[in-house]
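S.K.: Only the shape, not the letters, is given here:
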C-alpha cells in the first residue's frame, strides 16, 4: 500500500469554503491512487472558544473534562470533511480516537500517542475508504479522551505516518513552506526545497510558525519525511527529511533573526564559583527565558562581566529581580533594548571551514558591530543592534548564496 | 439505591451562568443523599449552528456524519457541567455514549435506545460519583455515533430512568410545568400538580412546549414518573404519572387552544366509498396535516359535505391540490381562516356523564357558535371562531373549576 498522510491545520479548515477546498486536495491524492489517511485539526478559533468556555466555568477547570470539551472541535471538522467527500461520491468517514483506537499515555492535556490499532483503518483503506482522523487526541487505558500536549495534530499525523508506514506525511498549513529567511523581512527570501530535521529544529524561530519543534523531533526519531505546504496555493512545499537524503547541501540553509530581544550586562561581578547560578536561578524561577549567555574575565582577573539576552517584555521584571536580590553582587547593571539575534543555520558548516569568519567579515564590511556570539554545530548566532537587522540579513543572505533561486 | 435522573434541556444549559446554576441544582440532590444521574442537552443554539455548518457542506449531508457533528454539542455541555461540579468539590465526570455504552438501533438521525450497559455507571455511582451523560445520542452495533430522532435528550433521560430503575425522572426546562391552559392566553391558568400520561399526550398542543409526545409515550410504556419543572425558578413542577397514582381526579385537567387553524369544507361531494381517501391521499402526500374531520350526509342523501381543519400556512397549497385534482368532485369549496380549536382534556370525563353537554352549554351561554366537534375518550374538541377564543377559554376554565388555585 502506498499510504500518504495528509494533515490539515486549523486555518486550512477554518471555513466551510476552505473545508471544500481541503476535500478537493484529498480527492486529488485519491485519484492518483494513493491510500490517503487524513488528520484534521479543529476549525481555527474553535479550540480557543471551547477553552474560553471552560475558563469561565473555572480558572482551574478539570484536566480530564478539558480534554473532553476541547476534543469536540476536531470531531466537528472531521465530520464536515468526510461529509463533503461523501457528497462528492467518495467513500469516506470520520474516525474518532476511540473508534480506532489511538491509545495515549501520560497526563491529560499533555499525553503522547503510545499505540495505534491499525486493523480497522487498514481494512477501511482496502475497501477504498478515505479515513478522516481527529487529530490532537486519543484515549487512555481508562477509555477517557485525552489530548496531545505539544505539537497537537502535527504530532498525531506524524505518529499515524509512523504506525502506518506512510510514504510521506504532508502538513497542509497557511504558509507555503520553510523559507531561507522570513519573506516579510527580506523579499529575496527563497522557499527551501529540502531541509534536514536538524536544521529545521535550529530554525525554530522561523520554523515555529510552520511546525512545533517537538513534532519535528518526533519525525526525526521515526525517520518520517514531512512535506510542509500551503493548502491555498498549489505549489511544492518544503521537504523535511534526514541529512543523507539531501544531495546538494548548501553551507547555509537559512538565516533567522529575532525581534524584541534585550541585552543585560552585569559589570564587575565577583569571579567565583556559583555566581552565574545565583543570577539565573531567580530568573528561571520567574519563568524568564535566558537566551545567549557570555562571560568574560575582566582586566584585573578578580571580577567578571556577564552578558545575556532575554525577551524585552521581561526586561523590567529582570531588572527588579537582579537589583533586589542581595545574593547578586556587581558594580554596574547595563540594560540594552533593541538588539537582534541573527543566526545562520546549515549542516554544511560542519564540513566547511571558515563559515564563522565569512559571517563576521560580511558584517564587518557593513560596519555592523557584533555584541555577543554563540555557536552550535550547525548554527552561528550573533547579537547586533536592532537597527542593523535588515542590513545584516541582506548581506548574509547574499554572501551564503541564498539569493539565487534554487 | 435511590436513583433520580435529572435532565437539563438546551435553555437550561444555554450560558455559562446557567450551567453554574444547573450544577447547583445537581449538588442539592446529591446532598439529599440521592444517587444522581444527569442527562444534558447541548447548549441552546449550538445544535442549530452545527446543522447549519453541515447544510453548507451539502444539502444532502451524510446522515452518519450528521450524527457525528451534532452529537458534539452534548459532549461540550456535559464536560462543562462535570467541570463545574468538580470545581465545587464533587466527584463527577462526563460520560459519552460509547463510554457506557448506550446502544441504539435504527437508522442514523432517527435511532432508538435499545440497551444500556449499567455496570460502569453503577460502579461509578457506588464510588459517590455524579455521572453527566450526553443526551440525544448513542452508538450502534458498528460503533458509530447515532442520534435519537424524536424526543432527543428527553427520550435519553426516560430510557436511562427505565434501565437504572430510577425513582423519578426530572425534566428541567424553561417552563414551570404544565398549566391548565396557556398562561400567556389566560392569567388565571394554574400549574397542574399531577397529570396522567394520557392527558399529557392529549394536551400535546400545550405539552409540546414541555415534552415531545414520543417521550411521554415512552414514559407511559415504562411507567416512569416524570416531573417537569423550571431550572430557573425554585418551585414544584408538574408530575406526569399513571392514572392510578392520581387521587383527586378533576373532571377536566386542562384546556388547550390552537391558533393558525383553517377550515376547509367541500360541499356536495359524491357520497360513495373511497371519496374521503381520494381527497386526503394527495394532501398527505404533500405533507399537509389534516386535523379535525367531519362528514355529514346531505339532505338529498346522494351527496355529502366534508369539513376538515389544516394549518393556515397550508391553506393555499391545499386549495390548489383540491382544485387541480380531477379525482375530487364537489359542488363548492369553502375556505375559512381564523378558526380555533378548543379542547378540554381530562381522564375524569370517562366516569363523569354530561361533560360534553356542560361544554356546549357554557359556549352557548356566551353565544359562541360551534362549527365542528370531535371527541376522544378523554378529550372533547370544538372548532370556533378565532375571535371567540379568549372568551371561550375564560368561560370553560371557570366552568370546570380550573380557576381555583389547586
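M.R.: Received, thanks. Values in this document were obtained by computation on a predicted structure and should not be read as measured data.
S.K.: shaky segments in chain A?
M.R.: A:205-208, A:298-299, A:404-406 (pLDDT under 70).
S.K.: Which residue ranges make up each domain of it?
M.R.: Here the domain parsing of chain A from automatic domain parsing is A:3-174, A:256-399.
S.K.: The first one and chain B in contact?
M.R.: Going back to what we said before, that points to domain A:3-174. Yes. Legend: contact between domain A:3-174 and chain B by Cβ under 8 Å from any Cβ of the partner chain is shown at A:16, A:19-20, A:50, A:53-54, A:56-58, A:60-62, A:64-66, A:68-69, A:72, A:75-76, A:78-80, A:82-84, A:86-87, A:93-94, A:96, A:98-99, A:143-145. Where you see a C-beta, it was placed from the backbone N, CA and C, and this is true even at glycine.
S.K.: List of residues touching stretch A:221-234?
M.R.: A:8-9, A:12, A:18, A:21-22, A:25, A:158-159, A:161-162, A:166-178, A:210-211, A:216, A:218-219, A:235-242, A:245 (Cβ atoms under 8 Å, 6 or more residues apart in numbering or on different chains).
S.K.: Can you list the buried residues in that stretch?
M.R.: Buried residues in stretch A:221-234, counted by 16 or more other Cβ atoms under 10 Å in any protein chain shown: A:224, A:225, A:226, A:227, A:228, A:229, A:230, A:231, A:232.
S.K.: Let's test this: what are the backbone torsions at the fourth one?
M.R.: I take that to be residue A:227. Here is the backbone geometry of residue A:227 (degrees, to the nearest 10): phi -110, psi 130.
S.K.: how many other residues sit next to the nearest residue to it once chain neighbours are set aside?
M.R.: Leaving aside its sequence neighbours, residue A:227 sits nearest to residue A:170 (Cβ to Cβ, 6 or more residues apart in numbering or on different chains; 4.6 Å). Residue A:170: 24 surrounding residues under other Cβ atoms under 10 Å in any protein chain shown.
S.K.: Who are the contact partners of residue A:170?
M.R.: For residue A:170, the contact set (Cβ under 8 Å, 6+ apart) comprises A:4, A:5, A:6, A:7, A:226, A:227, A:228, A:229, A:237.
S.K.: Tell me what the fifth one is bridged to.
M.R.: Each beta-bridge partner of residue A:226 is listed here, defined by DSSP bridges: residue A:169, residue A:240.
S.K.: okay, now residue A:32: neighbour count?
M.R.: By the measure other Cβ under 10 Å, the count of residues near residue A:32 is 10.
S.K.: State the phi and psi torsions of it.
M.R.: phi -80, psi 20.
S.K.: Got phi/psi on residue A:50?
M.R.: According to degrees, to the nearest 10, the main-chain angles of residue A:50 amount to phi -70, psi -40.
S.K.: actually residue A:69, sorry about that
M.R.: phi -70, psi -40.
S.K.: State the distance from the residue of the stretch 101-250 of chain A found nearest chain B to residue A:51.
M.R.: Nearest residue of the stretch 101-250 of chain A to chain B, counting by Cβ to the nearest Cβ: residue A:143, 5.6 Å away. Separation of residue A:143 from residue A:51 (Cβ to Cβ, to the nearest Å) stands at 23 Å.
S.K.: between those two, which one's more packed in?
M.R.: Legend: neighbour count by other Cβ under 10 Å for residue A:143 and residue A:51, higher for residue A:51 (15 against 12).
S.K.: Test my guess that the more buried one contacts residue A:70.
M.R.: Yes. Between residue A:51 and residue A:70 there is a contact under Cβ atoms under 8 Å: 6.6 Å.
S.K.: Would you map the helices across the stretch 151-300 of chain A?
M.R.: For the stretch 151-300 of chain A, the helices defined by DSSP state H, counting those that start in this stretch cover A:152-163, A:197-202, A:204-207, A:213-222, A:275-285.
S.K.: Show residues contacting stretch A:290-309.
M.R.: So stretch A:290-309 is in contact with A:261-271, A:275-276, A:279-280, A:283-284, A:310, A:330-331, A:339, A:341, A:371-374, A:381, A:383, going by Cβ under 8 Å, 6+ apart.
S.K.: what's the closest of the domains of chain A to residue B:151?
M.R.: Proximity to residue B:151 (Cβ to Cβ) singles out domain A:3-174 among these, at 22.8 Å.
S.K.: first to last residue in that closest one, what's the distance?
M.R.: One end of domain A:3-174 to the other measures 23 Å (Cα to Cα, to the nearest Å).
S.K.: Figure out how far that domain is from the centre of its chain.
M.R.: Distance of domain A:3-174 from the chain centroid (Cα atoms, centre = their mean, to the nearest Å) equals 19 Å.
S.K.: before we move on, back to that, drop anything exposed from the residues of domain A:3-174 next to chain B.
M.R.: Buried members of those, counted by 16+ other Cβ under 10 Å: A:16, A:19-20, A:50, A:53-54, A:56-58, A:61-62, A:64-66, A:68-69, A:72, A:75-76, A:78-80, A:82-84, A:86-87, A:93-94, A:96, A:98-99, A:144-145.
S.K.: OK, contacts around the nearest residue to residue A:238 once chain neighbours are set aside?
M.R.: Excluding the flanking residues, the one nearest residue A:238 by Cβ to Cβ, 6+ apart is residue A:177, at 3.4 Å. Applying Cβ under 8 Å, 6+ apart, we find residue A:177 in contact with A:191, A:192, A:210, A:228, A:229, A:230, A:236, A:237, A:238.
S.K.: Turn these into JSON lines, including distance to residue A:183.
M.R.: What follows is the contacts of residue A:177, written out as JSON lines (distance: Cβ to Cβ, whole Å):
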{"residue": "A:191", "distance to residue A:183": "8"}
{"residue": "A:192", "distance to residue A:183": "11"}
{"residue": "A:210", "distance to residue A:183": "12"}
{"residue": "A:228", "distance to residue A:183": "14"}
{"residue": "A:229", "distance to residue A:183": "15"}
{"residue": "A:230", "distance to residue A:183": "13"}
{"residue": "A:236", "distance to residue A:183": "16"}
{"residue": "A:237", "distance to residue A:183": "14"}
{"residue": "A:238", "distance to residue A:183": "13"}
